Every structure is written in C-alpha cells, then in structure tokens.
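> Below is the sequence, then the predicted model.
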Amino acid sequence: MTDPSDQNPAWVQEQTSEYAVELYQGKRDSGAHFSVPETRFNHTPGLGRLFRSTTFSISDIKAIKNSVPGTTVNDAMVCLIAGALNKYLSHHGELPDTSLGAIMPKNIRSLSNANDKSGNQVGGLFADIHTNIEDPIERMAAIHGSVEKSKQFSKDINSDAIFPYLMGGFLSPRLGKAIAKYTQEFHLMERIGPAIMNTLITNVPGPNFPLYHAGAEMVSYCGIPPLTDGVGLGHAVYSYNGTISLATITCPSIMNNPDFYLQCCRESYEELLGAALAIKQKTSDKGHKLDDSKKTALSDKKEAPGKNKKTTKRKPRAASDGNAIPIGKKSDSKQPTAIS
C-alpha cells in the first residue's frame, strides 16, 4: 500500500470512485451491505440516556474465540452482542430475516503521521454481524469472515488516504455544523432509511495490569459509547486487568428496558461459552481415544506370539586349539600354558 503522503487528491478521488462503483456492481465484497433492515434502533435518539454495563472474564472470552481457528477477541465480543440483539428482537417479535449491520470505529492514522497531534483520525469498519444465524459458533465464524473482508476492503480503498484528502477540509466547520443541525432537526436519517449500520460497537484494548490513582487501585473501567442520528444503541468494549467490560447506551424512546437487554447479553455470553467448552471437550475426548488406540496397538505388538519372532542359534565358539567348546559348558581339560 502506497503511503498517502506520496499520493495526490485527484488520484485518491479517482480510486475511491472506482472502488465505490465496483462495490455497487457487486464486483467487490466489503463484508457489509449497502442497506440493512430497519429496526427500532434506527431512529433519532430522544432526550435522556440509559447506561448499563457488565463484565466478563477475558480468559473465558479467549476460550470462546479459540473454538474457531483464526478468530479474535473482537470477533467473540461482536458475536456476543449479535446474540444479544437476536434474543432481544426475537422477544419483541422484531427480528429481521436478514443480518443487522454494525459500524466499528478504527484508527486510520497512517505510520507517516503517527506523531501528528492535530487531533483524532478515526474511520469505521462496516460489517454484517449475522444476527440471523442462531448457532453461536457458526455466527462467530461468519462474523470473522465479514470483519476480515471489511478490513481488506478498507486497505484496498486506502481509507487512511481518504481522510486527509477527501474528508479533511472538504467542508468548512461552519457548513458542516449547519448540515449536522439540519440532519438532526428534520430526522433525515429516518426519512432516508437505515444504511449500512444498525448499531455501533467500539472495542478498545486496555492494560492487562492494575492501574492506581493516589494509591487506590482501579477495580473496573467501562467506556461510554456515543449515539448518533439513526443509531440509537451503542456498545463499548474495554479490556482491563484480566476482565473485559461491555457497556451499552440507549434512550427511553428506543429501548425502555435496558436491564432486559443486559440480561440478553449475559445469556448470549453463557451460550457462547457453553458451546466453546463443548467443542473443547469433544476435541479432548477425541485426543484421549486416539492415545488409547495407540497404546492398544503398541500393547498388541509387544504381546505378539513367539512364532512370529525370528530366532537365531549362536554358533559354537571355536577354541584356540581347533576344538569346539559348547556355549554354556566348561572344558573338561585345561589347555597347556606355553612356557617361553
């Protein structure tokens, strides 16, 4: 990938337009769909916020992700959230037949400007989270595939170059603020309909050791995800000192029972962990059976009948005087000792 600093705005614009057309024509797979099913979450958030959080053992989450080769902790947490959305919407009779989509913020600061202190440079990965797949392990494998395709598409389209050349400076702050205000006041996202995403999932890896402030240890940490027009449910994942937290935020007009949704998250976690441990146990049982069969084969080989063994008779050792001395018997006569 060419560094954005070596490119020019015209080239970036041409490349972006080309990839967008190919994506629309179905010649490229970005891991997400242009249009996602409409849900209760795709409305403009009202006044008030409802925040909830829970924590899990990071060793359990790693056990979950290890059940599908190649998957990551992020894949496991996205799968957990997808399972919770499946349970919540099914309970209300609102689960769509097609997959919901999520936006996952990512750092798009390039290596060339890693020390640039001009502010955040954040983009987003859009991916299907396969809420329509009931089996948790199959769902996690599908999510891993979608996220990997989204990452590859982001590299191909060179999203870290789009930010400085197409987004940065494209709109003046005053005009951008006016457009955002107009979008909110007239609920444009609701009028247009949901596009690409139904929810937000942000994952920030934290330190795997305790932090202290004035001698007091920090026992837990939870992120607070943002809400935007058309996205009324957000999730923040944060790992810290052997634990991983999941925080959710919404508003009363979109979800008036956040405790039930948190319960769905816990049930999804237990479902995933149970399925992962079952796979681990099954693999372990297979290993034990293989070891037992090897031991049986070796035992049978050792206990094979003697007729299968080849025996060789040792020939009598010739004596120095030419007379044979049978093995195991002493000679009756002593050989004379030569005297010089």
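Right, received. Where do you want to start? Predicted model, so just to flag it, every value in this text is computed and none were measured.

> is it fair to say Ala76 lies in a helix?
Yes - residue state for Ala76 (DSSP: H, G, I helix; E, B strand; the rest coil) corresponds to a helix.

> Tell me the pLDDT of Lys315.
pLDDT recorded at Lys315 is 50.

> Gly223 now?
Model confidence at Gly223, given as pLDDT, is 92.

> same deal with Ser284?
78.

> Which other helices and strands does whatever helix or strand Arg139 lives in contact?
For Arg139, the element it lies in under DSSP states H and E is helix 136-157. Applying 3 or more C-beta pairs under 8 Å, 6 or more residues apart in numbering; DSSP states H and E, one finds that helix 136-157 contacts helix 9-24, helix 73-91, strand 122-128, helix 258-302. C-beta here means a position set from N, CA and C on the backbone, and glycine is covered the same way.

> Give the rounded mean pLDDT of that helix.
88.

> close enough to count as contact, Cys264 and Tyr88?
Yes - at 4.8 Å, Cys264 counts as touching Tyr88 under the criterion of C-beta atoms under 8 Å.

> Quick one: find the helix or strand in the chain with the lowest mean pLDDT.
Ranked by mean pLDDT, DSSP states H and E, the weakest helix or strand in the chain is strand 324-325, scoring a mean of 40.

> how about low-confidence regions in the stretch 201-340 of the chain?
287-340 (pLDDT under 70).

> now do the stretch 1-150 of the chain
Across the stretch 1-150 of the chain (using pLDDT under 70), the flagged ranges come out as 1-34, 107-123.

> quick one: contacts for Val231?
Residues near Val231 by C-beta atoms under 8 Å, 6 or more residues apart in numbering: Phe41, Asn42, Ile103, Met197, Asn198, Thr199, Leu200.

> In strands, which of the residues you listed fall?
Ile103, Thr199, Leu200 (DSSP state E).

> Alpha carbons of stretch 73-88, in PDB - could you do that?
Extracted C-alpha coordinates of stretch 73-88, given in PDB (Å, rounded to 0.1, in the frame of the first residue of the first chain):
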ATOM      1  CA  VAL A  73     -11.400 -11.400  21.000                       C
ATOM      2  CA  ASN A  74     -13.100  -8.700  19.000                       C
ATOM      3  CA  ASP A  75     -14.900 -11.300  16.900                       C
ATOM      4  CA  ALA A  76     -16.100 -13.100  20.100                       C
ATOM      5  CA  MET A  77     -17.400  -9.900  21.600                       C
ATOM      6  CA  VAL A  78     -19.200  -8.900  18.400                       C
ATOM      7  CA  CYS A  79     -20.700 -12.400  18.300                       C
ATOM      8  CA  LEU A  80     -21.900 -12.000  21.900                       C
ATOM      9  CA  ILE A  81     -23.600  -8.700  21.000                       C
ATOM     10  CA  ALA A  82     -25.100 -10.100  17.900                       C
ATOM     11  CA  GLY A  83     -26.600 -13.000  20.000                       C
ATOM     12  CA  ALA A  84     -28.000 -10.400  22.500                       C
ATOM     13  CA  LEU A  85     -29.600  -8.500  19.700                       C
ATOM     14  CA  ASN A  86     -31.100 -11.700  18.300                       C
ATOM     15  CA  LYS A  87     -32.600 -12.600  21.700                       C
ATOM     16  CA  TYR A  88     -33.900  -9.000  22.400                       C
END
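
> what residues does it touch?
By C-beta under 8 Å, 6+ apart, stretch 73-88 touches 58, 61-62, 64-65, 68, 95, 100, 102, 104, 127, 129-132, 134, 136, 139-140, 143-144, 147, 199, 201, 203, 235, 237, 239, 244, 246, 260-261, 264-265, 267-269, 271-272.

> in the helix holding Arg139, what counts as buried?
Neighbour counts over helix 136-157 (16 or more other C-beta atoms under 10 Å) mark 136-137, 139-151, 153-154, 157 as buried.

> got it, and stretch 39-52?
Buried residues in stretch 39-52 (16+ other C-beta under 10 Å): Thr39, Arg40, Phe41, Asn42, His43, Thr44, Pro45, Leu50, Arg52.
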